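1. only geometry, no sequence info:
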Ligand SMILES: C[S@@+](CC[C@H](N)C(=O)[O-])C[C@H]1O[C@@H](n2cnc3c(N)ncnc32)[C@H](O)[C@@H]1O
């Protein structure tokens, strides 16, 4: 498709064209819940990276000098920063969920905005992240576990058919789109599909249905943020305009802390709702980044018409729960065996306290939920799932992190992720490794260590990387191969460089 059609709406056209022809600089967002940005920037700069802050986005830095890829560091493996387009890092601060809020991310993978929202929620409240594509669910999980978030429930399923039972304070609707705003990744070329073809009609129908569902799932007074990374008004203002025409909602005009243009009220022959002027368009030259459309809506009282309600698995709120929200059960799905599960969890927590010196205050924020033969640790104080009908078009795949799993004797032992989440709260049996030692360990050549036999926490560059075991004075790694591989590769390159 010809980008020229946007000449009349994109301010400073020459700068826009000049920008999209240049490669996009890498930007990274520091995960501020776990680390101070100054610590990350100092460590990266000592490693040869040059960073400059992106004005208006306090936790985002542009990589202006890089001895290698910004993902090729131990800090990145630790999940202390996320490589994210500067334009997309605008989103979470606009929704601005308070710690403790109930938040839904309707199109979540690979999780740039989910992890940013979770970060801003300070590990409190409940963030439900929905994704329809199974492969992308895996990518989402990888990013959530790497960044060690515990208040996120990952739901595999179609956001259009989520049940109505529980209402959220905020819903992010980052819909699938023609992604013209990411054209710098393709040397300035769009994907070449006309905005009036069959592909676009199907796409815009899907976008509208997702937005309508988002509004249905938001409590009156709550907010929905509609986002695309495309310039096409057909996928942006036109979709929101149609919804504004019959749904109880209003545009909340945006004032962003970064350069941007207003939403459109007309394009070519089409007129849009006048309130769309309060939406925002970020073009690549605004932040030397990608393109983004954002429209913030407030849900009002009243019924939101759905374009096709017949496919929706709607459910009435279940009695005894406030608006469909309930305390997470000890056993999920709930049923017989809850008392037994509670006893097994208590034993596992006792072992954790005794072996690793973890104090009660580090464990207080978690709830423990047994599923199958594992126990999950999450900090969602409540969740909407009890009101969602069984066998619907959705499946809970993850609640926080998998915290305990059975060993060969069927005793629950702490997972790598739990030790990483607890990090500094693991006070005993820490084994500090140099990069060379960590590499040797991951290659199966564990060093001799002066610590008694038994489980240990492996520590690299000040943070726990996972669980190890000492036998006959020799250290072994118990980090799963798939998880260890990227770390091993980072370390191999570091050792080759002689870092
Ligand atoms: C623009 S991407 C989301 C990017 C993500 N929010 C982030 O910041 O990393 C859109 C995502 O929506 C997913 N998707 C498409 N249709 C969906 C649906 N009906 N329900 C849930 N997810 C859907 C796509 O698979 C894709 O992963």
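-> Yep, it's here. Note that the structure is a prediction, hence the values are computed from the model and not measured.
2. Now residue 361: which helix or strand?
-> Counting by DSSP states H and E, the element that carries residue 361 is helix 360-363.
3. tell me the mean pLDDT over that helix?
-> Across helix 360-363, the average pLDDT comes to 97.
4. Flag every buried residue along that helix.
-> Within helix 360-363, the residues that qualify as buried by neighbour count (16 or more other Cβ atoms under 10 Å) are residue 362. All C-beta atoms are positioned from the backbone trio N, CA, C, and that covers glycine.
5. Stretch 362-375 too?
-> By 16+ other Cβ under 10 Å, the buried positions in stretch 362-375 come out as 362, 366-370, 375.
6. These in helices, which ones?
-> Using DSSP state H, the members of the buried residues of stretch 362-375 that fall in helices are residue 362.
7. which of the buried residues of stretch 362-375 lies closest to the ligand?
-> residue 369 (23.7 Å; Cβ to the nearest ligand atom).
8. Residue 242 belongs to a helix, doesn't it?
-> Yes: under DSSP: H, G, I helix; E, B strand; the rest coil, residue 242 sits within a helix.
9. residues contacting it?
-> residue 208 (Cβ atoms under 8 Å, 6 or more residues apart in numbering).
10. Next, work out how far apart it and the ligand are.
-> Look at residue 242 and the ligand: by Cβ to the nearest ligand atom, to the nearest Å, they are 18 Å apart.
11. gap between that residue and residue 171?
-> 18 Å (Cβ to Cβ, to the nearest Å).
12. Can you pull the poorly scored residue ranges out of the stretch 51-200 of the chain?
-> Low-confidence segments of the stretch 51-200 of the chain (pLDDT under 70): 188-196.
13. And the helices in it?
-> For the stretch 51-200 of the chain, the helices defined by DSSP state H, counting those that start in this stretch cover 74-78, 91-95, 112-120, 134-146, 198-216.
14. Distance from the chain centre to the longest one, please.
-> Put plainly, it is helix 198-216. The chain centre lies 22 Å from the centre of helix 198-216; the measure is Cα atoms, centre = their mean, to the nearest Å.
15. For the chain, what lies in contact range of the ligand?
-> Taking Cβ under 6 Å from any ligand atom, the part of the chain that reaches the ligand is made up of 88, 107-113, 130-133, 136, 158-160, 174, 176, 210.
16. Let me see the contact set for the spatially closest residue to residue 275 that is not a sequence neighbour.
-> Distance criterion Cβ to Cβ, 6 or more residues apart in numbering; nearest residue to residue 275, sequence neighbours excluded, is residue 251 at 3.9 Å. By Cβ under 8 Å, 6+ apart, residue 251 lies in contact with 240, 244, 273, 275-276, 278-279, 295-297.
17. now do residue 483
-> Residue 483 touches 416, 466, counting by Cβ under 8 Å, 6+ apart.
18. Helix 134-146 and the helix or strand harbouring it, what's the angle between them?
-> Assigned by DSSP H and E, residue 483 belongs to helix 481-497. Orientation check (axes from the mean of the first three to the mean of the last three Cα atoms, to 10 degrees): helix 481-497 against helix 134-146 gives 60 degrees.
19. Quick one: mean pLDDT over helix 481-497.
-> Taken as a whole, helix 481-497 has a mean pLDDT of 94.
20. buried stuff in that helix?
-> Quick answer for helix 481-497 (16+ other Cβ under 10 Å): 483-484, 487-488, 490-491, 494.
21. what's the answer for stretch 63-71, then?
-> For stretch 63-71, using 16+ other Cβ under 10 Å, the buried residues are 63, 66, 70.
22. So what touches it?
-> 25-28, 44, 47-52, 76, 83, 493.
23. from memory residue 161 sits against residue 392, does it?
-> Yes: contact criterion Cβ atoms under 8 Å: residue 161 and residue 392 qualify, at 7.1 Å.
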